[in-house]
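Student: Prediction below, plus the sequence it came from.
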Amino acid sequence: MDRDLALLTKMFEYDQGSPKRIQHMLKVYGFVCYICAQEKVDASIRLIAETAAIVHDIGIRPSLAKYGRGNGYYQQIEGPARAEAMLRELHYPEAVIQRIVYLVAHHHTFTNIEGLDYQILVEADFLVNLYEKNMGREPIESVLHKVFRTATGKHLMQQMFLDPVLEIPTSQ
């Protein structure tokens with residue numbers, strides 16, 4: 001079985017009963033795949049970014065159980081060990097595991113983004129979160145200017161949220 005397919009299957013099982021988390025993960029994964037393809041990233045960066053997209057929110061379930069909340073701060077604490085265990089079980093290479101663990105531990109940290117894999121993951125997660133949280137134009141424009149760096153991510157933001165023909169909800 002394809003490694004991504006096996007990992008996706010494990011994450012479906014892990015998040016069973018939570019269609020919102022499963023759909024969020026699939027949307028982030030889809031945007032990561034698209035951005036990687038459009039940016040023509042090399043195979044090693046693509047492997048890490050796509051794999052990280054699948055497990056990036058693995059810390060939500062244990063954060064909810066342990067702290068009663070699943071926000072980004074707690075996800076970054078609880079997610080890395082679970083991601084590492086799942087990736088080891090599927091025999092991912094050690095260097096890939098270590099980078100993904102780092103990304104899971106930092107995917108809600110938007111300063112000092114180092115590496116194209118990290119940048120793409122953050123942009124894809126923002127594309128989904130901004131939509132799911134129905135954010136207004138002001139925060140969308142702020143994120144676009146402060147966080148987005150890839151041409152593809154910027155283009156997607158413009159197409160999805162900032163097309164002047166579309167009605168954008170105001171900030172709440």
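Tutor: Good, I have the coordinates.

Student: Any idea which residue is closest to the centre of this protein?
Tutor: Asp125 (4.0 Å; CA atoms, centre = their mean).

Student: show me where the chain has strands.
Tutor: Assigned by DSSP state E, the strands in the chain number zero.

Student: mind checking the longest helix of it?
Tutor: helix 19-39 (DSSP state H).

Student: If you count contacts, what does that helix end up packed against?
Tutor: helix 3-14, helix 43-55, helix 116-132, helix 151-161 (3 or more CB pairs under 8 Å, 6 or more residues apart in numbering; DSSP states H and E). Backbone N, C-alpha and C define where each C-beta goes, glycine included.

Student: Tabulate those (JSON lines), appending distance to Arg61.
Tutor: Putting the helices and strands packed on helix 19-39 into JSON lines (distance: least, CB to CB, whole Å) gives the following:
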{"stretch": "helix 3-14", "distance to Arg61": "7"}
{"stretch": "helix 43-55", "distance to Arg61": "12"}
{"stretch": "helix 116-132", "distance to Arg61": "17"}
{"stretch": "helix 151-161", "distance to Arg61": "28"}
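
Student: now the ones you listed as TSV including mean pLDDT and distance to Met86?
Tutor: Conversion of the helices and strands packed on helix 19-39 to TSV gives the following (pLDDT from 0 to 100; distance: least, CB to CB, whole Å):
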stretch	mean pLDDT	distance to Met86
helix 3-14	95	6
helix 43-55	98	6
helix 116-132	97	17
helix 151-161	96	27
